[in-house]
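K.L.:
Following is a predicted model, sequence given first.
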Amino acid sequence: MYLFCRFLRKLIRQGCLRVVDVDGHEHLFGLVDPHIEPLTITVRKRSLYWKLALHPGLFLGEAYMAGEIKISHGSIYDFLALCGRNMALRKPGRKGVLWRIALAIGHRLTQWNSLARSRRNVAHHYDLARDLYRSFLDRDMQYSCGYFPLPDTTLDEAQAAKRRHIVAKLILERNQRVLDIGCGWGGLAIEIAKQADVRVDGVTLSREQLQFAGERAKAAGVGHNVNFALKDYRELDQTYERIVSVGMFEHVGAPYYRDFFCKLSDLLTPGGIALIHSIGSLDGPGFGNAFIRKYIFPGGHIPALSEVMPAVEDSGLIMADIEILRLHYAETLRHWRERFLGNWDTIRHLYDDRFKRMWEFYLAGCEMAFRYGGLMVFQLQLGKDLGAVPLTRDYIYEREHRQNAHTQVHEQAA
């Protein structure tokens, strides 16, 4: 218990935490307020003392998932928020040569994403029951960061705004060929086909997503303009005027960044535009969260722009624009977690309580990482030519406005 107490004493500077150990002894950390009952965690296994002190990024989630810690006078969300606020007070240390060497070796060992392994990694997360995702996503099944222009923006509104923002940056023109890498359940590809008279090819490694995306395209009346295929982007050989990828780049792996952008360059026609939307790290390269890598996204990696930019430069593509979305994913995850817990009774026949705790921890932990832990979302707009994109960003907002007006007219007609 000594190591765990020492760890918490250094961590908890704001707020108050009470820990009840296996023997029933209470330990208080932080600033005690006699008028407020502190958040309390009860540790039910002695081995957690050293595990939580040495590797909380993995063992805290495992302990919560297994029911080996109990939280009272609060929730796992409250506990992670308390830890997140206190971790944000720490000054980041400089990373030396040994860190960079360890990082390079770690990337090679944990991010070997061959075609076969990439398919297994995708199936692990995305081939879960469709009703699970319906329980917490928006109506359009967008499993990526929303775009919140106003504090009271709903999740459905935020995801619609995200789609408009991305489509505007693509500057679509009639009869163009568009590629959607990692198309998910098809929502963006279908929106692109609705907004412009273009041909859209979507590729995914998830059989579940492929089937649902095809069904949705037919139901939306754009099946003749949208085609979905079970393919890896590395298997493609035709060219496109526009390429978009949302929430897929996190699965590429740092050792493959150069190959990814070189392949984009090969697939993009002269004058073409590509838009990459991805989670990113504000404080440089790292290993990411061990719990997320093990249980949620095996093979995944959160890229830092310092890792990405050299790969873009080597590919010959031109960086036309970079936009950083701060806190938008924190709000998205807040909505997802609340919906997941609120709709749990509708899907509890599919999964047990252990799965529920695993996903609750995943959604709450990721929200805290975006609120306090240095994560953000970036959008890279890439081109083959300097003149592919207008000189100012005015066109983005003009196109968004036209899209919104177009959508409202069709909704009123329906």
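P.N.:
Great, that's in hand.

K.L.:
switch to C-alpha atoms for all contacts and neighbour counts from now on
P.N.:
Noted.

K.L.:
Quick check: phi and psi at Asn225.
P.N.:
Main-chain dihedrals, Asn225, degrees, to the nearest 10: phi -110, psi -10.

K.L.:
right, and it touches Lys194 too?
P.N.:
No: with contact defined as C-alpha atoms under 8 Å, Asn225 does not count as touching Lys194 (9.2 Å).

K.L.:
Among those two, which residue is more densely surrounded?
P.N.:
With other C-alpha atoms under 10 Å as the criterion, Asn225 and Lys194 differ in neighbour count, and Asn225 comes out ahead with 19 against 15.

K.L.:
The more buried one and Glu313, how far apart?
P.N.:
As for Asn225, its distance to Glu313 is 33 Å (criterion: C-alpha to C-alpha, to the nearest Å).

K.L.:
now stretch 152-170, how far from the centre of its chain.
P.N.:
Stretch 152-170 sits 16 Å away from the centroid of its parent chain (C-alpha atoms, centre = their mean, to the nearest Å).

K.L.:
again, but for stretch 161-181
P.N.:
Here stretch 161-181 is found 20 Å from its chain centre; the criterion is C-alpha atoms, centre = their mean.

K.L.:
Other residues contacting that stretch?
P.N.:
Stretch 161-181 has contacts (C-alpha atoms under 8 Å, 6 or more residues apart in numbering) with 145-148, 188-189, 191-192, 196-204, 233, 240-246, 248, 273-275, 381, 395-397, 399-400, 403-404.

K.L.:
at 7 Å instead, please
P.N.:
Stretch 161-181 is contacted from outside by 146-147, 188-189, 192, 196-204, 233, 240-245, 273, 275, 396, 399-400, 403, using C-alpha atoms under 7 Å, 6 or more residues apart in numbering.

K.L.:
What subset of the residues you listed is buried?
P.N.:
With burial judged by 16 or more other C-alpha atoms under 10 Å, the buried subset of those is 146-147, 188-189, 192, 198-204, 233, 240-245, 273, 275, 396, 399-400, 403.

K.L.:
how about the nearest residue to Leu11, chain neighbours excluded?
P.N.:
Counting by C-alpha to C-alpha, 6 or more residues apart in numbering, Leu11 lies nearest to Asn86, which is 6.2 Å off, once chain neighbours are set aside.

K.L.:
how about the one helix or strand that neighbour maps to as CSV, C-alpha atoms only?
P.N.:
Using DSSP states H and E, Asn86 maps to helix 76-87. Only the C-alpha atoms of helix 76-87 are listed here, as CSV (Å, rounded to 0.1, in the frame of the first residue of the first chain):
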residue,chain,number,x,y,z
ILE,A,76,-15.6,6.1,-12.5
TYR,A,77,-16.2,9.2,-14.6
ASP,A,78,-15.8,11.4,-11.5
PHE,A,79,-12.6,9.5,-10.4
LEU,A,80,-11.0,9.9,-13.9
ALA,A,81,-12.0,13.6,-14.0
LEU,A,82,-10.3,14.1,-10.6
CYS,A,83,-7.2,12.4,-11.8
GLY,A,84,-7.3,14.3,-15.1
ARG,A,85,-7.6,17.7,-13.5
ASN,A,86,-4.6,16.9,-11.2
MET,A,87,-2.5,15.5,-14.0
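
K.L.:
Let the chain start at 79 from now.
P.N.:
New numbering, starting at 79: the last item is helix 154-165.

K.L.:
Strands of the stretch 129-278 of the chain, residue ranges please.
P.N.:
147-150, 255-259, 277-282 (DSSP state E, counting those that start in this stretch).

K.L.:
which stretches of the stretch 279-428 of the chain form helices?
P.N.:
Remark: helices assigned in the stretch 279-428 of the chain by DSSP state H, counting those that start in this stretch are 285-297, 335-345, 368-369, 383-393, 406-420, 422-425.

K.L.:
Quick one: work out the angle between the fifth one and helix 154-165.
P.N.:
Just to be clear, that refers to helix 406-420. Relative orientation of helix 406-420 versus helix 154-165 (axes from the mean of the first three to the mean of the last three C-alpha atoms, to 10 degrees): 160 degrees.

K.L.:
now helix 406-420, how far from the centre of its chain.
P.N.:
12 Å.

K.L.:
repeat for the first one
P.N.:
Mean-position distance between helix 285-297 and its chain equals 22 Å (C-alpha atoms, centre = their mean).

K.L.:
Break this structure down into its domains, please.
P.N.:
Domain segmentation of the chain under automatic domain parsing yields 80-165, 195-491.

K.L.:
Please render the ones you listed as JSON lines that adds mean pLDDT to the earlier fields.
P.N.:
Formatted as JSON lines, these follow (pLDDT from 0 to 100):
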{"stretch": "domain 80-165", "mean pLDDT": "92"}
{"stretch": "domain 195-491", "mean pLDDT": "92"}
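
K.L.:
which of the ones you listed sits most buried?
P.N.:
domain 195-491 (a mean of 19; mean count of other C-alpha atoms under 10 Å).

K.L.:
centre of the chain versus that one, how much separation?
P.N.:
8 Å.

K.L.:
who's in contact with Asp361?
P.N.:
Counting by C-alpha under 7 Å, 6+ apart, Asp361 has contacts Gly452.

K.L.:
scratch that, Gly108
P.N.:
Gly108 sits next to 90-95 when contact means C-alpha under 7 Å, 6+ apart.

K.L.:
could those go into TSV alongside secondary structure and distance to Ala236?
P.N.:
Shown next, in TSV, are those (DSSP: H, G, I helix; E, B strand; the rest coil; distance: C-alpha to C-alpha, whole Å):
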residue	secondary structure	distance to Ala236
Ile90	coil	34
Arg91	coil	35
Gln92	coil	32
Gly93	coil	32
Cys94	strand	34
Leu95	strand	35
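
K.L.:
Which of those residues sits closest to Lys148?
P.N.:
Lys148 lies nearest to Leu95 out of these, by C-alpha to C-alpha, at 13.2 Å.
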